[in-house]
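S.K.: Got a predicted model here, sequence first, then my questions.
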Amino acid sequence: MTLLANILSFLFIFCCLSGDVCCNPCTQSTSCSCYGPGYEINLSSLDTSSFPRFDHIVSPVTPGVTYAYNPCSSFYIGSSQESSSCSKLGGVAVCMMNGSDFVSLGTQNSASFLYNTTTRQQDLHYTDSASNRSMVLSLKCIEADPMDSSLTIDGVVLGSDNHTEFYMTLSSPCACQNGCYGEDDSSLSFGSLLVIL
């Protein structure tokens, strides 16, 4: 074996022994849930059907601007029919509100789970090509009642081609592995059913 192959093998074995998610990839099943061997991350118990679960969230980094977010279902805010607005056909997952301006930061059908090697938890990434914006939602696992879940605005980065990326954190027990199983917590997760089978 080459030195590189030995190093990669060691890192993989260390990763698995440490119980890290990198050995249990989270396969996306919906815009707000994913599963791996023996576990599921499911945000659907935080969702509301037609309005944002987290609304008018104030940002410390962008004064006068507020944000709205819903984990699973699309919502509409405002009346503009512009393709970058929060009332466009299909709705949005996350919206930035500045006075009477409502700008989409991402749609539900753009949601994708990605493992964050720094936090060792999953992130949810959203994009909206029409508004040239995206949002990275860090999922922070906490021990609390799901009703005490919170959304915080962490920062904004202006990238190349005027693309703007927003960073937020969702602190919730539903961000934990097997923390929430959707609206009915008594049901088994899809990942748990795979393990049973």
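M.R.: Sure thing, it's come through.
S.K.: Who is the closest residue to Val103 other than its chain neighbours paired with across the strands?
M.R.: What sits nearest to Val103 in space, not counting adjacent residues and going by Cβ to Cβ, 6 or more residues apart in numbering, is Met96, at 4.8 Å. In this view, the C-beta of every residue, glycine as well, is placed from N, C-alpha and C. Beta-bridge partners for Met96, by DSSP bridges, are Tyr67, Val103.
S.K.: is it true that Met96 touches Gly106?
M.R.: No. Contact criterion Cβ atoms under 8 Å: Met96 and Gly106 do not qualify, at 10.2 Å.
S.K.: returning to that earlier point: now do the same contact list for the residue nearest to Val103.
M.R.: Val65, Thr66, Tyr67, Phe102, Val103, Ser104, Leu105, Arg133, Phe166 (Cβ atoms under 8 Å, 6 or more residues apart in numbering).
S.K.: what's the answer for Ala144, then?
M.R.: Ala144 is in contact with Ser171, Ser172, Pro173, counting by Cβ under 8 Å, 6+ apart.
S.K.: so which of those is the most crowded?
M.R.: Per-residue neighbour counts (other Cβ atoms under 10 Å) across those peak at Ser172, which has 25 neighbours.
S.K.: That residue: what's it in contact with?
M.R.: Residues near Ser172 by Cβ under 8 Å, 6+ apart: Leu43, Leu46, Leu139, Lys140, Cys141, Ile142, Ala144, Pro146, Ser149, Ser150, Gly179, Cys180.
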